[in-house]
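> starting from these lines, generate the structure:
(2 chains)
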Amino acid sequence: MLEVYNTLSRKKEIFIPQDPAQVSIYACGPTVYNLPHIGNYRTFFMTDLLVRTLEYLGYEVKLVMNITDIDDKTIRDSGKAEMTLKTFTEKYTEEFFKGLDLLNIKRASEYPKATENLAGMIKLSQKLIEKGLAYEKEGSVYFKISSFPNYGKLSKLDSKKIKIGASVDVDEYAKDNPRDFALLKASSPKEIMRGIYYESPWGKVRPGWHTECSVMAMEAFGPTLDIHTGGVDLIFPHHENEIAQAEGATGKPFVRYWIHGEHLIVNGEKMSKSKGNFFTLPEIVEEYGGEVVRFMFLSVHYRKKLDYTKAFAENAKNNYSRLRETFEKLEFLLPSANLSHYPADRKTLESLPLFEAEFKTALEADLDTPKALKVFRKLSRSANTYLEKGKNREVLEKLLIQYKSFAAVLGLFEKKDKKIPIEVLKLVEKRETARENKQWEKADSLRAKVKELGYSVQDTKAGPQIKKI
RNA sequence: GCCAAGAUGGCGGAGCGGCUACGCAAUCGCCUGCAGAGCGAUUUCAUUCCGGUUCGAAUCCGGAUCUUGGCUCCA
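Presented below is the predicted three-dimensional model:
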């Protein structure tokens, strides 16, 4: 039984999908106007973790994540770059996918784009106008929050008390009430000149940000979906508005479980370009590797702020390496493991189901990855201890299977190691011969050569273990 | 102003009512031609402050102090 924290109730709830055959998840995806930063990816990671956990627990999952490829920022920055909106957003969509791969984030079933869903948005707007929940003004369509009594139920904000921002939008668009939000925005003359518009009953328009998500989510799953994910900052107004639009139109509950991921901050401060503490994913991956970044995410619960600091990153790197070391050792030793030479260690074998149970319990408790990692470490230690005294094939096999099972749920150790070059293998072989003949100087110089090629050799009882540095 | 979240050892950072976090650092041992790396074990050391609940609290409940975040584009 999976328990998740539902923002709607502010409580942990037992998760029961409406359709036992398939869990429906909609995740807010990126706005493709620049390289996503590491905090963005923490949220995408969180959704990936959720999917993997559900699959581990035996569910079939369908995940849909949108790509916002038209909004104020994409229009503005594509203009600055003197590119068409399409070319510009395609470039950053590709970057986004590259980032997912770096973090072993599994692809969603679909990535619908805002620009491809205008028909649905226009239809939704029409329906809301018919119901008296929206109105047209100067070519834009706005949602009238005063007509929707449930407004504020997710964010727990009183719609009358929401502070009106000093945003330019307030005067830029003629709304009845400054708190009303746009479903469709009238395209500006400049936008029309660039071809950024769609024909609608109210003239040439482009989508409002909130509209696309409601439309694409319902397009994929119908009026009610199981889970909707996103970052905490989307609770208000984005998700609040999604609820208003969807429930206003259908009269049915839109989302059964809202799951929000906390932010990543840097040295105790919010990431921002002006503070100079803004990190894109490639920058950090460059230094630590994608799996270590993933490990960082895993080591802090998704509803807790992750304070990214140098010390924290180093810590994660060490912890990660220790786990990986054991994994590699198991893989390395297994082929040469003797069937009967060593006795099967009962204690080790019997501990495996216990670890498995503990691991599962941890994830079921609102995706408690820090605890799951703790169990993983226990397994690692247990494996290490066993390897010191015995190498029975059966035990090694079972340890490795267990190891891989944990790793798969957490999304670790998936990077396929590039094949070791023949050159390196030959050098190592020569070195072994030299060692057998006790030609230590020769052996050492060969080791140095191997190192130059970017590999290290460790002498073990089972022979030399080669690793990429 | 209105909502939230958090304060743990030399450092970083888990823990969510009783039981080992873990990593770094230190010590010992194993392994080794050497080296590195690895592995195991060990010591010292903490729970922001003040109350309360409890047989028992880092953990639950008040209060204080400090820090951070949201209320506006935002993962």
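> ok, A:N40 - contacts?
A:P30, A:G231 (C-beta atoms under 8 Å, 6 or more residues apart in numbering). The C-beta positions use only the backbone N, C-alpha and C, and glycine is treated the same way.
> could you rerun that using 6 Å?
With contacts taken as C-beta atoms under 6 Å, 6 or more residues apart in numbering, A:N40 has no neighbouring residues.
> backbone dihedrals for the residue in the stretch 101-250 of chain A that RNA strand B sits nearest to, please?
As assessed by C-beta to the nearest atom of the strand, RNA strand B sits closest to A:G231 within the stretch 101-250 of chain A, at 1.3 Å. With angles defined as degrees, to the nearest 10, A:G231 sits at phi -80, psi 160.
> likewise for A:E60?
phi -100, psi 140.
> hang on, the earlier thing: does the residue of the stretch 101-250 of chain A closest to RNA strand B really touch A:R42, like I thought?
No - proximity of A:G231 to A:R42 does not meet the contact threshold set by C-beta atoms under 6 Å, at 8.1 Å.
> the two: who's more crowded?
A:R42 (24 against 20; other C-beta atoms under 10 Å).
> measure the more buried one to RNA strand B for me?
Noted for A:R42: a distance of 5 Å to RNA strand B, by C-beta to the nearest atom of the strand, to the nearest Å.
> now do the strands in the stretch 351-469 of chain A.
For the stretch 351-469 of chain A, the strands defined by DSSP state E, counting those that start in this stretch occupy A:455-460, A:463-468.
> can you list contacts of the first one?
Defining contact as C-beta under 6 Å, 6+ apart, one finds that strand A:455-460 is touched by A:V424, A:V428, A:R447, A:V450, A:P464, A:Q465, A:I466, A:K467, A:K468, A:I469.
> same check on stretch A:294-307?
With C-beta under 6 Å, 6+ apart, stretch A:294-307 has contacts from A:42, A:45-46, A:103, A:261-265, A:268, A:316, A:320, A:369-370, A:373, A:410.
> distance check, A:I67 against A:S125.
Separation of A:I67 from A:S125 (C-beta to C-beta, to the nearest Å): 21 Å.
> more neighbours: these two, which one.
Neighbour comparison, A:I67 and A:S125: the larger count goes to A:S125, with 30 against 23 (by other C-beta under 10 Å).
> what helix or strand is that one on?
helix A:118-130 (DSSP states H and E).
> which elements pack onto that helix?
In terms of contacts (3 or more C-beta pairs under 6 Å, 6 or more residues apart in numbering; DSSP states H and E), helix A:118-130 is packed against helix A:209-221, helix A:240-250.
> how about A:Y41: what's its closest non-neighbour residue?
The shortest distance from A:Y41 to any residue other than its chain neighbours is 5.3 Å, reached at A:L281 (C-beta to C-beta, 6 or more residues apart in numbering).
> pLDDT value on A:M121, please?
Confidence at A:M121, expressed as pLDDT, is 96.
> show me the contacts for A:Y59.
Here A:Y59 is in contact with A:V23 (C-beta under 6 Å, 6+ apart).
> likewise A:Y92?
A:V32.
> swap the cut-off to 7 Å and go again
Residues near A:Y92 by C-beta atoms under 7 Å, 6 or more residues apart in numbering: A:V32, A:Y33, A:N34.
> what are the boundaries of the helices in the stretch 1-150 of chain A?
Using DSSP state H, counting those that start in this stretch, the helices of the stretch 1-150 of chain A run over residues A:38-56, A:72-80, A:85-102, A:118-130.
> burial count for A:A448?
10.
> C-terminal to the worst-scoring helix or strand of chain A on mean pLDDT, what's the next element?
In chain A, no helix or strand scores lower on mean pLDDT, DSSP states H and E than helix A:169-172, which sits at a mean of 43. Per DSSP H and E, the first helix or strand lying C-terminal to helix A:169-172 is strand A:181-186.
> can you pull the buried residues of the helix or strand just after that following strand?
Following strand A:181-186 in sequence order, the next helix or strand is helix A:189-193 (DSSP H and E). By neighbour count on 16 or more other C-beta atoms under 10 Å, the buried set for helix A:189-193 is A:E191.
> the helix or strand that comes right after helix A:189-193 - contacts with which helices or strands?
Once helix A:189-193 ends, the next helix or strand along the chain (criterion: DSSP H and E) is strand A:198-200. Under the contact criterion of 3 or more C-beta pairs under 7 Å, 6 or more residues apart in numbering; DSSP states H and E, strand A:198-200 touches strand A:203-207.
> could I get the average pLDDT for the strand it packs on?
pLDDT averaged over strand A:203-207 gives 94.
> before we move on, what about stretch A:153-161?
Rounded mean pLDDT across stretch A:153-161 is 68.
> swap in stretch A:89-101?
Per-residue scores along stretch A:89-101 average to 95.
> ok, it near RNA strand B or not?
No - with C-beta under 7 Å from any atom of the strand as the measure, stretch A:89-101 is seen stopping short of RNA strand B, the closest distance being 10.6 Å.
> for the stretch 151-300 of chain A, what are the low-confidence residue spans?
Filtered on pLDDT under 70, the stretch 151-300 of chain A yields the residue ranges A:157-176, A:273-276.
> redo that, cut-off 90
A:151-181, A:208-209, A:231-238, A:240, A:258-293, A:295-300 (pLDDT under 90).
> A:A372 touches A:F359, doesn't it?
Yes - with contact defined as C-beta atoms under 7 Å, A:A372 and A:F359 form a contacting pair (5.5 Å).
> quick one: name the residues of the stretch 301-450 of chain A near RNA strand B.
So the stretch 301-450 of chain A meets RNA strand B at A:301, A:304-305, A:307, A:309, A:311-312, A:315, A:318-319, A:321-322, A:325-326, A:329, A:368, A:370-371, A:373-374, A:377, A:380-381, A:384-385, A:387-388, A:435, A:440, A:443-444, A:447 (C-beta under 7 Å from any atom of the strand).
> sticking with A:I259, tell me its helix or strand.
strand A:255-261.
> following that strand, which helix or strand shows up next?
strand A:264-266.
> let me have the strands of the stretch 351-469 of chain A in TSV, extended by mean pLDDT, mean neighbour count and distance to A:G79.
As requested, those are exported to TSV (pLDDT from 0 to 100; neighbours: other C-beta atoms under 10 Å; distance: least, C-beta to C-beta, whole Å):
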stretch	mean pLDDT	mean neighbour count	distance to A:G79
strand A:455-460	80	14	49
strand A:463-468	79	14	44
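> wait, which of those strands is closest to RNA strand B?
Of these, nearest to RNA strand B by C-beta to the nearest atom of the strand is strand A:455-460, at 2.9 Å.
> relative to strand A:463-468, how tilted is that closest one?
With axes from the mean of the first three to the mean of the last three C-alpha atoms, to 10 degrees defining the directions, strand A:455-460 sits at 150 degrees from strand A:463-468.
> partners of strand A:455-460 in the sheet?
strand A:463-468 (antiparallel) (DSSP bridges).
> could you report the neighbour count for the residue nearest to A:V409 when sequence neighbours are not counted?
Distances taken as C-beta to C-beta, 6+ apart put A:Y56 closest to A:V409, at 4.6 Å, once the chain neighbours are dropped. Around A:Y56 there are 18 other residues, counting by other C-beta under 10 Å.
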